[in-house]
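> Please find the sequence and the predicted model below.
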Amino acid sequence: MVTSSTDKPRPATGTLYLIPVTLGDTTIERVLPPYNKEIIRSLRHFIVEDVRSARRFLKQTDREIEIDSLTFYLLNKYTHPEMLADYIAPLLRGESVGVISEAGCPAIADPGADIVALAQRRGIKVVPLVGPSSILLALMASGFNGQDFAFRGYLPIEAGERVKALKQAEQRIYTEGQTQLFIETPYRNAKLMNDILQSCRPQTRLCLAAGLTTAEEYIKTLDVGEWRRMSKEILPDLTKIPCIFLLYQ
């Protein structure tokens, strides 16, 4: 094949690293492998959900990191899609970039999925690093079906629609044997818990997994009927800690 003298080889792209973050106030060493630290120290560009918390996480990972020498790109639900092209510019120049979520694994119930999708379309190498996922940890500890499950994210805010979504999820438990998982913002956790207890069948199994990997960790599986009879005084304060709710038959 004849190649024009003006043709230039395409420069190698950088790697997009997906960097997990601790789920709460726990030590880095408990939940993240040393290899992650090696990768973090090699990066100068980070796409983050919140700059302040990302800077704090990086400093906790390695106190020797010169935070002010790093470049941060903000990616949250308010980020305009047109800005993503600027975010991958370092990758196209051959520089690697890290993606950091607020907690847990990037791109899982997280806006980081948008930059990963763009990277895949542009042929950029994507490397997920090992770290804690509240979804998988909760499923592991629930005793529910880990072969067939669905993570439904956030349920509707409006009460009627939320109850409807709960009933639909519960129906899939009995018709398909599929574990159902969902989350809520902490200040609405108690309301969601109450909706589950009011709307679901007494025999439906509910696992509440809260504050995973932290000192406040609470994981318990009971029938909805048993949860109804439990004294509220022995439950953790759900308004202050992240929770995963799981339903099964």
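The structure has been received and is ready for your questions. Numbers count the residues shown, from 1 in each chain.
> use CA for all of it now, contacts and neighbours both
Fine.
> ok, R44 touching I67?
No. Judged on C-alpha atoms under 8 Å, R44 makes no contact with I67 at a distance of 9.2 Å.
> intersection of neighbour lists for the two?
Listed contacts common to R44 and I67 are nil; contacts here mean C-alpha atoms under 8 Å, 6 or more residues apart in numbering.
> Are we agreed that G98 is in a strand?
Yes. Counting by DSSP: H, G, I helix; E, B strand; the rest coil, G98 is part of a strand.
> That one: how many residues sit nearby?
Residue crowding around G98 was assessed by other C-alpha atoms under 10 Å; the count is 24.
> you'd agree it is up against E49?
No. G98 is not in contact with E49 according to C-alpha under 8 Å; the separation is 11.6 Å.
> intersection of neighbour lists for these two?
Jointly contacting G98 and E49 under the rule C-alpha under 8 Å, 6+ apart is no residue at all.
> And the protein, split by domain according to the record?
Structural domains of the chain, as assigned by automatic domain parsing, span the residue ranges 15-128, 134-248.
> Distance from the chain centre to the first one, please.
Just to be clear, that refers to domain 15-128. Offset of domain 15-128 from its chain centre (C-alpha atoms, centre = their mean, to the nearest Å): 13 Å.
> Need the distance between the two termini of it.
Terminal residues of domain 15-128 are spaced 10 Å apart (C-alpha to C-alpha, to the nearest Å).
> re the thing from before, and the domains of the chain as JSON lines, adding mean pLDDT?
Converted to JSON lines, the domains of the chain look like this (pLDDT from 0 to 100):
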{"stretch": "domain 15-128", "mean pLDDT": "92"}
{"stretch": "domain 134-248", "mean pLDDT": "93"}
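> Pairing partners for D223 in the sheet, please.
Beta-bridge partners recorded for D223 (DSSP bridges): R205.
> What helices and strands are in contact with the longest helix belonging to the chain?
In the chain, taking DSSP state H as the definition, the longest helix is helix 159-176. Helix 159-176 sits against strand 179-183, helix 189-199, strand 243-248, with contacts defined as 3 or more C-alpha pairs under 8 Å, 6 or more residues apart in numbering; DSSP states H and E.
> Dump those into CSV; add distance to L16 and mean neighbour count as well.
As requested, these are exported to CSV (distance: least, C-alpha to C-alpha, whole Å; neighbours: other C-alpha atoms under 10 Å):
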stretch, distance to L16, mean neighbour count
strand 179-183, 27, 22
helix 189-199, 34, 17
strand 243-248, 28, 25
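> Adding distance to P111, write the ones you listed out as JSON lines.
Formatted as JSON lines, these follow (distance: least, C-alpha to C-alpha, whole Å):
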{"stretch": "strand 179-183", "distance to P111": "15"}
{"stretch": "helix 189-199", "distance to P111": "21"}
{"stretch": "strand 243-248", "distance to P111": "19"}
